[in-house]
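Trainee: Return atomic coordinates for the entry below.
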Amino acid sequence: MAGPPRKLVLAVIDGLKPAMLERAIASGRAPVLAAIVQRGAYVDSCCAAFPSVTPVCAATIATGVRQDEHRIASMNWYFREETRYVEYGSSFSAARRFGVVQQLTDTIYNMNLEHLPADVPTVFETLDDAGVRTAGTTYLMYRGRHRHEVSRETALMRLASAVVRRPTMGPKELFYADVFASRETGWRSQLGLPGVRDRHAGCVGSYLGEDDLFDFLLLSLPDNDTHSHRNGPHAQVTSIANADRQLERVLHAGGGIDAFLEEHAMIVVADHSHAAVERRIDLGAVFEEFHVLSPGGADLGEAEIALCPAQRSAMAYALLAEGRAALVPRLVDLAAEVDGVDLVMWRPAPREGAIRSGDRELRFARGGDLKDERGRRWSMEGDLRVLAGRVEDGVLRSDDYPDALARAWAALACPTAGHVLLSAAPGYEFADWGGVDHVGGGSHGSLHRSDSLGALAFCGVEPPRERVDGAWSIADIAPMIRAHFGAPG
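Mentor: Numbers count the residues shown, from 1 in each chain. Below is the predicted model:
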């Protein structure tokens, strides 16, 4: 009779670029990651969601579905029901434009407890229901079945109590910055300060391992993303080495690399990749002929459109129902002419999507004779050059835009998404509402392979049966975890 499944650690290294992981391993600076790759499987093309920004991708990793189901549309989006913008943290400057209290409330509470539908379970909720002992460090998606009160253990948290007041629902063991801590570990994250977050995760993970407090641990290592934003994706070797040291800390608590990997399964995954940024796009200038809703929303009655930049992606919402049918094509035409806008996406009909690049256009719908690389069926009409695509033996393939139709459709069909979606060309980024960009550094968000294909490595766990060879997605991670523990879904 088979025994209980191995304990499993899911480590999400934010923005982990495959070429940089390979360089870090080859240089000897990532021994834990090297051991996982050597003992198991390595994928250099695990496809992100679109927009390939952290909130969307975190929700997909945590639930196993895309945003047509989980409804987390982007980093910045317009909340139709509440007639306001939602801003999850593009930059501190952007947060100030929308109100820091509202931004923190949306990110810490509303993303999990309100924006993510109750009928879309996270992997924590599924495993909690199955009696698996769950644990997680600071990660945007943390919803579980266990109630956690706000921590009052630090002076910083006592100062933040004006914003962070309510309890939340998370995994059995939850350590979210210094906001929620199910146990006193003695470790602090300075409220999630970049450069401290990975170390906090490593220390907490070590504590949990030493005291045998989890069967499943989501270990979030976000500092690689911050380092890459600032210094560019080709500087990631240093931040990957730092993340590896925190993994080593966790494995050391289990007896070292060999002993730990004998008893534990490991999944290491990037939520997205990173691309170099050389130029910025001012979204307000693109649509300057329209009255754009301001961050405060005081001009809602007069505003024609809402604009939502999110790094290398963006969305535009047509706010007035009257005249929308004519307005959306105008927005598409304007955006398609902008230097740096690679792809423009919209829905010309409820069951149809359209993608435009310059004066070329492609229309598509679910169902039909054409397959994508994951076996989904589509019908398609127009210019395949929009996606640099080709059809081989009835299968649509594109080296530049992986899993393009499914990702674009999930984004367009998301109930909270805009009417027009934009994907930036390589080298370009949309400045956020605070005027911040990452020119000279790295960024992500587009449909392009450069920031869509991240790294994946795993050992001690089987891939999901429904996955098609050679076409990995971050949506495969939750099914892998659930299957490992024999949990439904």
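Trainee: How about the contacts made by Ala253?
Mentor: Remark: with contacts taken as CB atoms under 8 Å, 6 or more residues apart in numbering, Ala253 is in contact with 205-207, 209-210. Using the backbone N, CA and C atoms, a C-beta is placed for each residue, glycine as well.
Trainee: May I see the residues you listed arranged in JSON lines, with neighbour count and secondary structure as well?
Mentor: What follows is those, written out as JSON lines (neighbours: other CB atoms under 10 Å; DSSP: H, G, I helix; E, B strand; the rest coil):
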{"residue": "Gly205", "neighbour count": "29", "secondary structure": "helix"}
{"residue": "Ser206", "neighbour count": "20", "secondary structure": "helix"}
{"residue": "Tyr207", "neighbour count": "20", "secondary structure": "helix"}
{"residue": "Gly209", "neighbour count": "23", "secondary structure": "helix"}
{"residue": "Glu210", "neighbour count": "12", "secondary structure": "helix"}
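Trainee: between those residues, which is closest to Arg407?
Mentor: Here the nearest of the contacts of Ala253 to Arg407, counting by CB to CB, is Gly205; it sits at 31.4 Å.
Trainee: what sits opposite Ser443 in the beta ladder?
Mentor: Ser443 has these beta-bridge partners by DSSP bridges: Ala275.
Trainee: Distance of it relative to Asp451?
Mentor: According to CB to CB, to the nearest Å, Ser443 and Asp451 sit 7 Å apart.
Trainee: mind listing the helices for the stretch 101-250 of the chain?
Mentor: With DSSP state H, counting those that start in this stretch applied, the stretch 101-250 of the chain shows helices at 123-129, 155-159, 197-210, 223-231, 236-253, listed in chain order.
Trainee: residues near the closest residue to Arg199 other than its chain neighbours, how many?
Mentor: Here the nearest residue to Arg199 in space, its sequence neighbours aside, is Gln246; by CB to CB, 6 or more residues apart in numbering that works out to 6.4 Å. Residues lying near Gln246 (other CB atoms under 10 Å) number 26.
Trainee: just checking, Gln246 touches Pro222?
Mentor: No - using CB atoms under 8 Å, Gln246 makes no contact with Pro222, being 11.1 Å away.
Trainee: Contact partners for the residue nearest to Arg199?
Mentor: With contact set as CB under 8 Å, 6+ apart, Gln246 has these partners: 198-199, 201-202, 205, 219, 221.
Trainee: Filter the residues you listed down to the buried ones and express that as a PyMOL selection.
Mentor: To isolate the buried subset of those in PyMOL, counting by 16 or more other CB atoms under 10 Å, use the following:
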select buried, resi 198+199+201+202+205+219+221
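Trainee: Which pair in the contacts of Gln246 has the greatest spatial separation?
Mentor: Pairwise distances among the contacts of Gln246 were taken by CB to CB; the largest, 12.1 Å, belongs to Arg199 and Leu219.
Trainee: got the contact list for the residue nearest the centre of the chain?
Mentor: The structure's the chain has its C-alpha centroid closest to Cys57; by CA atoms, centre = their mean the separation is 2.1 Å. For Cys57, the set of contacting residues under the criterion of CB under 8 Å, 6+ apart consists of 48-49, 271-272, 474.
Trainee: Which residue, other than its chain neighbours, is closest to it?
Mentor: Leaving aside its chain neighbours, Cys57 sits nearest to Asp271 (3.8 Å; criterion: CB to CB, 6+ apart).
Trainee: on that earlier part again, between Ser443 and Asp451, which contacts overlap?
Mentor: Here Ser443 and Asp451 have 274-275, 312 as joint contacts, going by CB under 8 Å, 6+ apart.
Trainee: where does the stretch 251-400 of the chain have low pLDDT?
Mentor: Residues of the stretch 251-400 of the chain that meet the criterion pLDDT under 70 are absent altogether.
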